Each structure stands twice: as C-alpha cells, then as structure tokens.
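[1] Give me a model of this one.
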Amino acid sequence: MSVPSRFLIFVDGRPLPMPSPGSLEDGYRCIAEIEGGDPPAIFELRQEEYGPGQLVSGPFALGRHRVEDLSLRPKPIIWVKAEDIHSLQPLEVRDRGNGNEIIFQGRQGIILQEGKLFSPLLDDHPPAKVELRAA
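    Next up, the predicted model:
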C-alpha cells in the first residue's frame, strides 16, 4: 500500500482537524488537538527524493519541533505555519503491509494526552490507533 498523494489522518477513529483560527501561540505554533477543530486537515507528504519528508496541510505543517527539551517525556506534535516548516524535524511515512505508519525521529506511534497529540520516546503509553485515508 503506497501513501496517497492527499490524505486525512485519523487518530482513534477521529480525523485530525486543522488548527482553529488564532490558536497558533504567538502566531507561531500550537500543539495538535483531536477535538474542536474544523474542517479535517487534508495532508500531503512533501518528501525529499531519497529520504524523510514533512506533513503539509494548506497553510500549515505538522510535526515535532526541531529543538526539544532533553527529557524522556512524550514530545508534542505541533502545527506551524508552512513557511516555518524548517523548524520541524523530518518524518517518514512507512508502509507496514496493513496500512501506513508515521515515524517521528525514529519513533513510531502517536499518543493522546487530554486530547492533544504527542510522540512517545518510551513505550510506557498505549498508542492511539492512527490511520491514513485517501482524501
């Protein structure tokens, strides 16, 4: 199964929405949430020829910040303006046979904490079910 050119990301059966207007902190970034946004984000994977890429949806990009604290706590998955995509770590979308998975900095999986998306560094949280569906 290959990655569709345009797709939605479902987390525990719910589509990941676009950030709500004015939600970017200081006009720069916000943690991705599964609740309250409308409409669902339609993503494209902007990928280098031989390597990782970035998730882009309209005027926004989604990923982990390039500079993070050194703790082992789960790292937030954030929205930034698309022109600030350089501030995000590259990611991969891999075919696992029965669907695709998103790999953030070598770690697969997304967890939800109070409705917000995080990428775990340790395997001490149950992962959310993540699906990529063609738009």
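[2] which residues sit against the lowest-mean-pLDDT helix or strand in the chain?
    Comparing helices and strands within the chain by mean pLDDT, DSSP states H and E singles out strand 107-108 as the least confident, with a mean of 74. Among residues not part of strand 107-108, those counted as contacts by Cβ atoms under 8 Å, 6 or more residues apart in numbering are 94, 101-102, 119-121. (Each C-beta comes from the backbone N, C-alpha and C, glycine too.)
[3] Now tell me what touches stretch 119-127 from outside.
    Taking Cβ under 8 Å, 6+ apart as the criterion, the residues outside stretch 119-127 that touch it are 64, 72-77, 104-105, 107, 109-111.
[4] Neighbour count and distance to residue 39 for those - can I get that in TSV?
    Output for the contacts of stretch 119-127, formatted as TSV (neighbours: other Cβ atoms under 10 Å; distance: Cβ to Cβ, whole Å):
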residue	neighbour count	distance to residue 39
64	19	24
72	10	35
73	13	31
74	20	27
75	19	26
76	17	22
77	25	19
104	22	24
105	16	28
107	17	29
109	19	25
110	25	20
111	17	24
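[5] mean confidence for stretch 18-28?
    Over the span of stretch 18-28, the pLDDT mean works out to 76.
[6] Can you point out the buried residues in it?
    18-19, 24 (16 or more other Cβ atoms under 10 Å).
[7] okay, how far is it across that stretch, tip to tip?
    The first residue of stretch 18-28 is 15 Å away from its last residue (Cα to Cα, to the nearest Å).
[8] now residue 113, which residues is it bridged with?
    Bridge pairing for residue 113 (DSSP bridges) gives the partners residue 116.
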